[in-house]
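[1] Fold the following and give me the result.
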Amino acid sequence: MKNDFTQKTRDLFDQGGWAEDWEDGRNDADCLHHILGRSSHSPLNAAPFNNFRNHQPEGRSSRNLPAISSFEAVSKYLNKTKDYLENIGYQFTEEDNKFLEDNKKYYAN
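    Predicted coordinates for the structure are as follows:
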């Protein structure tokens, strides 16, 4: 994985969630994707995917999935990541709380 997530963030997803692809639930995720680009390296901005099938545009379009940057997709992944982190008992940091506030339009009420 060549991205800016810390090892600590990668380890969070290794604890039961890394293998699951956030798009289709298959156990073959092989990348940790920045949901909203590299604007934040908070774990809240991370989602595991199978790179070719569910992250790359070619794989998504061949399966008629919305663009990974669409509001629908971003909202889906951000909410799934937040739920996952809460379920594993992750304690949000100041950076995480700022990320939540800055991106509140994507989160379910």
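[2] I'd like the distance between residue 106 and residue 47.
    Note on residue 106: its distance to residue 47, by Cβ to Cβ, to the nearest Å, is 12 Å. Heads up, the C-betas are built off the backbone N, CA and C, glycines and all.
[3] Those two: which has the busier surroundings?
    Using other Cβ atoms under 10 Å as the criterion, residue 106 and residue 47 rank with residue 47 on top: 27 against 18.
[4] which residues touch residue 106?
    71, 74, 75, 78, 79 (Cβ atoms under 8 Å, 6 or more residues apart in numbering).
[5] so what's the residue found closest to residue 10 once you drop the neighbours it is linked to in the chain scoring on pLDDT?
    Sequence neighbours aside, residue 32 is the residue nearest to residue 10 in space, at 6.2 Å (criterion: Cβ to Cβ, 6 or more residues apart in numbering). We have a pLDDT of 90 for residue 32.
[6] List the buried residues of the longest helix anywhere in the chain.
    As assigned by DSSP state H, the longest helix anywhere in the chain is helix 71-87. If you call a residue buried by 16 or more other Cβ atoms under 10 Å, then helix 71-87 has these buried ones: 73, 74, 75, 76, 77, 78, 80, 81, 82, 84, 85.
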